[in-house]
Every structure is written in structure tokens, then in C-alpha cells.
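Participant: Structure of the sequence below:
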Amino acid sequence: MQNCQHCRSERVMSVTAKCNDCFSATWIRNDKIKEHDGYVLSGIGIGGGDYIEFSYCLNCGRIISAAFPLDSPTIK
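Facilitator: Numbering: from 1, shown residues only. Just a heads-up that it's a prediction; the model follows:
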């Protein structure tokens, strides 16, 4: 397991979940609320398909298993 890229803490938790098409997301784009239900959105740094997979720092709270900022997220 890797240390946090931001604060260098060793307190890192890995999260893995299987959603079986039961993933929901809500975000704001151009002052409008957008929603998604179904598969985990790929390209947003938390997994894809039926699976959520990421690590985050228990010290600073940042997701550390993806390269942020995202260059071209799936959500528009």
C-alpha cells in the first residue's frame, strides 16, 4: 500500500465494493443538477462497472488512488 501523495501519511484505507448496477451519483454542471443511476461511472477515479475501488488518506481525507485533477471525466 502506498503513502498519501498529499500529506505523506501512512494511514491509508483501501475501499472495494460491488454495486450490482445500484450506483447513484449527483453533481452540478453549468448550474444544473445532474444525476446518474446504474453502473459505476468510469473515468472519475473511484472504479467502474459494478465496482467501486479507491484508497483514501485517513489523515487528510484525500482520495489517493487516482490522478487528480481528472483530465477528461466521463460525466459531462
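Participant: Verify the stated contact: Gly43 with Leu70.
Facilitator: Yes - at 7.0 Å, Gly43 counts as touching Leu70 under the criterion of CB atoms under 8 Å. To be clear about C-beta, it is placed using only N, CA and C from the backbone, and glycine gets the same treatment.
Participant: so where is the chain shaky, pLDDT-wise?
Facilitator: The chain contains residues with pLDDT under 70 at 65-66, 71-76.
Participant: Helices of that one, start to end?
Facilitator: In order along the chain, the chain carries no helices (DSSP state H).
Participant: What is the burial count for the closest residue to Glu53 other than its chain neighbours?
Facilitator: In this structure, Glu53 finds its nearest non-sequential neighbour in Gly47, 4.3 Å apart by CB to CB, 6 or more residues apart in numbering. Here the number of neighbours of Gly47 (other CB atoms under 10 Å) works out to 22.
Participant: quick thing: my sequence starts at 42, can you match it?
Facilitator: Yes, from this point I'll number from 42; that puts the last item at Gly88.
Participant: which ones are touching Gly88?
Facilitator: Contact analysis of Gly88 by CB atoms under 8 Å, 6 or more residues apart in numbering lists Ala58, Val81, Glu94, Phe95.
Participant: Quick check: the two most widely separated of the residues you listed?
Facilitator: Spatially, the most separated pair among these is Val81 and Phe95, at 10.6 Å (CB to CB).
Participant: what's across from the residue nearest to Met42 when sequence neighbours are not counted in the sheet?
Facilitator: Once flanking residues are discounted, Met42 sits nearest to Val53: 5.5 Å by CB to CB, 6+ apart. Val53 forms beta bridges with Cys98, as assigned by DSSP bridges.
Participant: okay but Val53 is in contact with Gln43, surely?
Facilitator: Yes - at 6.7 Å, Val53 and Gln43 qualify as touching, with contact defined as CB under 8 Å.
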